[in-house]
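Student: Generate a structure from the sequence data that follows.
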Amino acid sequence: MICSKCKKVIPDGSVQCPECGADLKSSIKKEKKKKGCMWAFVIAVIAFSAIIVIAICSGSDGDSSGNTTNNSGKIESSQKVNDTAKPIFEDEYIKASFVKVYNDKAVDMSVEGVSYMQLLVENKSNQSLTIGFKNSAINGMSTTIGSGLPVTVLPGNSSQQPFILFTKNTGVSSADDIN
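Tutor: Predicted coordinates for the structure are as follows:
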């Protein structure tokens, strides 16, 4: 060991420097404390960096147009959907239409044995509306609501295209098949 005051070599385990009489225990504690602070700082920087990376990777793709698309672009745009959607519910505030059922791997998110029913929900009011489906069932089979529901639909005839997920093939391929 080396004395921090006089810089002389001193035997290990000494409590005081034999040359200048400096207390050695306090300098040992300071060195250990500095190392602990350094590790805490390094860990904090790594954690902060990880949070930033996760936030950037999971951020929005910037598409706020109301169109539902995935990376492959296989789900129709709102304009095409508006031409082919079949109304299933409508009142003075909201209009819900059946669009299509995906029960194969036609959509990137489809998994074998899992189907998705695409709906078009239009807001006809001048306020934002949040909608949800209570006790959803298709042909007597209960369903699980997909990640798009409940959905907030902005005012001014904007639309959203939520999905209802069901895990068994219910034989639904069009709105006429729903009972």
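Student: Domains in this protein, by residue range?
Tutor: 1-59, 78-177 (automatic domain parsing).
Student: Worst mean pLDDT among those domains?
Tutor: Per-stretch mean pLDDT for the domains of the chain is lowest at domain 78-177 (a mean of 59).
Student: Can you give me the distance of residue 92 to residue 44?
Tutor: 55 Å (C-beta to C-beta, to the nearest Å). Yep, even glycine has a C-beta here, placed from its N, CA and C like the rest.
Student: Give me the more crowded residue out of these two.
Tutor: Ranked by neighbour count (other C-beta atoms under 10 Å), residue 92 and residue 44 place residue 44 first, with 10 against 7.
Student: and the more buried one, how far is that from residue 53?
Tutor: 15 Å.
Student: what's around the residue nearest to residue 11 when sequence neighbours are not counted, how many residues?
Tutor: Spatially, and ignoring its direct neighbours in sequence, residue 11 is nearest to residue 1 (7.5 Å; C-beta to C-beta, 6 or more residues apart in numbering). Residues lying near residue 1 (other C-beta under 10 Å) number 14.
Student: For residue 1, give me its contacts.
Tutor: By C-beta atoms under 8 Å, 6 or more residues apart in numbering, residue 1 lies in contact with 9-12, 14, 24.
Student: Mind putting those residues into JSON lines with neighbour count and secondary structure?
Tutor: Shown next, in JSON lines, are those (neighbours: other C-beta atoms under 10 Å; DSSP: H, G, I helix; E, B strand; the rest coil):
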{"residue": "9", "neighbour count": "9", "secondary structure": "strand"}
{"residue": "10", "neighbour count": "17", "secondary structure": "coil"}
{"residue": "11", "neighbour count": "7", "secondary structure": "coil"}
{"residue": "12", "neighbour count": "5", "secondary structure": "coil"}
{"residue": "14", "neighbour count": "12", "secondary structure": "coil"}
{"residue": "24", "neighbour count": "18", "secondary structure": "coil"}
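Student: Check those against residue 88 and report the nearest one.
Tutor: The nearest member of those to residue 88, counting by C-beta to C-beta, is residue 24 at 82.8 Å.
Student: Residue 43 - how many residues pack around it?
Tutor: Residue 43 is flanked by 10 other residues according to other C-beta under 10 Å.
Student: Tell me how far it lies from residue 14.
Tutor: Taken as C-beta to C-beta, the span from residue 43 to residue 14 is 33 Å.
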